[in-house]
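J.: With the input below, show me the fold.
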Amino acid sequence: MNRLAYYADPSAKVFQDLKLIGRAFGLPTTVLVDPAGCEIGTAAGPAEWASEDGLKLVRSALRG
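T.: Numbering: from 1, shown residues only. Model (predicted):
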């Protein structure tokens, strides 16, 4: 795989669940999840995913 999958939650249920357990504090929130369903990273607030740092994070996530 050479891309991260994109999932959206229009109902915001996942966000509310994450908020209840202290894993999300506001929107937007990005959660990176591995193929096994485990959280490997969370970013609170807006993120510049096309920036050098953003691309490094995504590349690292894809490498596992």
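
J.: From here on, just use CA atoms for contacts and neighbour counts.
T.: Fine.

J.: how about the helix of greatest length in the chain: buried residues?
T.: Counting residues, the longest helix found in the chain (DSSP state H) is helix 52-63. Judged by neighbour count (16 or more other Cα atoms under 10 Å), helix 52-63 contains these buried residues: 58, 61.

J.: So which elements touch it?
T.: The contact analysis (3 or more Cα pairs under 8 Å, 6 or more residues apart in numbering; DSSP states H and E) places helix 52-63 against no helix or strand.

J.: Just read off the phi/psi values of Leu32.
T.: phi -90, psi 130 (degrees, to the nearest 10).

J.: how about it, what does it touch?
T.: 39-42, 61 (Cα atoms under 8 Å, 6 or more residues apart in numbering).

J.: Local confidence estimate at the residue nearest to Glu48 when sequence neighbours are not counted?
T.: With sequence-adjacent residues excluded and distances taken as Cα to Cα, 6 or more residues apart in numbering, Glu48 is closest to Gly54, at 6.1 Å. With respect to pLDDT, Gly54 scores 86.

J.: Correct me if wrong: Gly54 contacts Pro46.
T.: No. Taking contacts as Cα atoms under 8 Å, Gly54 lies outside contact range of Pro46: 11.3 Å.

J.: how about the helices in the chain?
T.: Using DSSP H, helices in the chain cover 13-20, 52-63.
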